[in-house]
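Visitor: sharing a model prediction with you, sequence too.
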Amino acid sequence: MSRLVWDERRVWSFSLVFSLAVNLAVLAVISIYWLSFHYNRPEEEKPVVVELMEIPSPKKPQGTVPQTAELAELSPPSEMQKAEAQEVPQVKSEIASEMQQRKEQVRVPKPPVELPEAENIVGKTSPSGARLFNPGENIEVEESMKWQGAEAESTIKGQLDEAGQSSRLAHLAKEGMQRVESTVGETMATGELLPPTTNVEKRSPFTKRPIAVIVENAPQARPQAGLSKADVVYEIMAEGGITRFLAIFSSEAADRVGPVRSARPYFALKAMEHDAIFVHSGGSVEAYTYMKELALDHIDEMNHFQPFWREKERRPPHNLYTSVVSLRQEAQKLGYNRPVRSSGFGVASSSANSPSGKKASALEIRYAGDYAVKFTFNEGKREYARFVNEKPHIDSSSGAQISCSTVIVQVTEHVVKDAEGRLEIRFVGQGQGWVFSDGVVLPIRWEKKTLRDKTRFYYDNGEELRVNPGRVWIEIVDTKTKVVF
């Protein structure tokens with residue numbers, strides 16, 4: 001019973017407290033609501049405007065009359081004043097000139113320019129430039145140019161195309177004298193130099209400038225065109241065990257020559273020996289370096305494509321051809337044509353006056369791979385017929401077998417210089433060889449003193465080599481190449 005009473009008290013107490021809290025809350029809300037409507041905000045203070053009035057003065061203002069000053073009489077300037085007036089512009093003029101001189105003296109210093117010595121300029125543009133080269137054939141190639149690539153080749157080509165690289169510009173004085181001499185005819189004596197395909201006759205010692213064309217000798221390029229009309233043909237090894245030809249045209253104009261291929265440095269050297277216009281399609285970086293340093297006039301199909309064309313019967317790159325006539329027209333545009341002294345071989349008066357040798361009716365040269373060369377002597381024609389891999393070597397233009405009157409074998413040292421198989425052939429110095437003429441073989445020696453000098457051939461008795469009138473083939477072989485006769 002007591003616990004029940006205690007619970008009722010708690011309930012009533014809680015209800016009382018809760019009702020008081022609710023009433024207070026309601027009272028507070030009503031108070032706030034009422035105050036929000038009946039509270040008046042204090043009015044803002046309005047600015048006080050004061051009007052000022054001007055009170056008039058009881059006294060009248062009195063003005064002051066300005067006093068006039070007496071004017072002084074002007075007198076003419078004295079002599080001293082005139083002198084001082086004249087000195088003022090003179091002093092100004094002196095100051096202005098002094099300032100101008102100071103301005104002229106203040107100059108921005110120009111960067112120093114290192115000019116090459118005069119003797120070096122002459123050396124690079126004249127035959128005496130051979131002294132700038134190292135002994136042998138080692139023309140230094142810039143370090144950045146040693147790698148083989150399109151950018152390196154284009155850089156060297158661009159340097160070659162600069163003005164002043166032509167040997168024509170380098171030898172103007174010499175050419176002027178040659179033009180005068182070329183108008184005078186003279187009788188050719190026995191043994192005097194002249195193209196080997198012509199006869200000894202009364203004529204000028206000057207001829208048209210020869211044209212030297214690089215012709216391919218890969219199996220895909222056979223039969224070649226134009227080799228039967230070349231005065232001199234060099235056969236030289238290239239990389240990969242193949243050989244290529246350098247055909248020198250002087251006395252005859254072949255209407256079709258090719259396939260034309262890229263240059264190598266030793267082909268450029270042989271073209272320079274004949275003072276010939278070098279014709280090629282591209283080339284190695286070292287070949288372009290040689291052409292630049294030797295100031296060799298050349299026609300590159302990459303830059304001068306007008307004299308060249310491609311034939312549809314063959315696949316590239318074995319289908320690039322040209323002609324001697326179109327090359328001479330291009331040389332005329334480039335300023336290469338000029339009369340030159342004939343750079344051929346000495347001509348023998350008769351075979352009876354030639355040194356005696358051993359009979360050799362055939363000659364075989366076994367180059368590497370698919371390049372077995374053979375020459376057989378025809379007594380009736382007094383010529384050597386050429387064979388390749390036991391088959392007649394035919395000129396595709398004429399359809400006739402290629403032949404010549406003289407075959408020269410020049411033995412030189414060949415060195416493989418890089419991973420691509422590119423060769424270095426030592427042409428400067430001395431060496432041995434053979435000459436085949438009239439069915440007879442004779443030992444000879446060759447000599448080339450400098451890069452710019454011509455290779456000369458001598459018999460054992462010391463006399464210089466003389467050849468029969470006709471075409472000459474020069475076979476360049478390594479010391480390890482097998483020659484059978």
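Guide: Received it, and whenever you're ready, just let me know what you need. Numbering: from 1, shown residues only.
Visitor: once you drop chain neighbours, what's closest to F267?
Guide: Excluding the flanking residues, the one nearest F267 by Cβ to Cβ, 6 or more residues apart in numbering is L246, at 5.0 Å. To be clear about C-beta, it is placed using only N, CA and C from the backbone, and glycine gets the same treatment.
Visitor: equivalent analysis for G282, please.
Guide: Nearest residue to G282, sequence neighbours excluded (Cβ to Cβ, 6+ apart): S262, at 4.2 Å.
Visitor: the one you found contacts H280, doesn't it?
Guide: Yes - contact criterion Cβ atoms under 8 Å: S262 and H280 qualify, at 6.0 Å.
Visitor: for these two, indicate the residue with more neighbours.
Guide: Counted by other Cβ atoms under 10 Å, S262 and H280 do not tie: H280 has more neighbours, with 25 against 20.
Visitor: read off the pLDDT value for the more buried one.
Guide: H280 carries a pLDDT value of 95.
Visitor: still on that earlier bit, what touches both of S262 and H280?
Guide: Taking Cβ atoms under 8 Å, 6 or more residues apart in numbering as the contact rule, S262 and H280 both touch I214, A287.
Visitor: three-state assignment of the residue nearest to F267?
Guide: Put simply, L246 is strand when judged by DSSP: H, G, I helix; E, B strand; the rest coil.
Visitor: that one: what's it in contact with?
Guide: Per Cβ under 8 Å, 6+ apart, neighbours of L246: A212, V213, I214, V215, V233, Y234, I236, F267, K270, A271.
Visitor: and if you look at A253?
Guide: A253 makes contact with K229, S323, V324, V325, R328, according to Cβ under 8 Å, 6+ apart.
Visitor: quick one: A295 from F278, how far?
Guide: A295 sits at a distance of 11 Å from F278 (criterion: Cβ to Cβ, to the nearest Å).
Visitor: should've said E301
Guide: According to Cβ to Cβ, E301 and F278 sit 12 Å apart.
Visitor: these two: which is more packed in?
Guide: Higher neighbour count among E301 and F278: F278, with 27 against 18, using other Cβ under 10 Å.
Visitor: what helices or strands is the helix or strand hosting that one leaning on?
Guide: According to DSSP states H and E, F278 maps onto strand 277-280. Contact here means 3 or more Cβ pairs under 8 Å, 6 or more residues apart in numbering; DSSP states H and E; on that basis strand 277-280 packs against strand 211-215, helix 265-273, strand 298-300, helix 324-334.
Visitor: tell me which of those is the most buried.
Guide: Of these, the one with the most neighbours on average (mean count of other Cβ atoms under 10 Å) is strand 211-215, at a mean of 27.
Visitor: same for that strand, what does it pack against?
Guide: strand 243-249, helix 265-273, strand 277-280, helix 324-334.
Visitor: mind redoing it with 10 Å?
Guide: strand 232-237, strand 243-249, helix 265-273, strand 277-280, strand 298-300, strand 320-322, helix 324-334 (3 or more Cβ pairs under 10 Å, 6 or more residues apart in numbering; DSSP states H and E).
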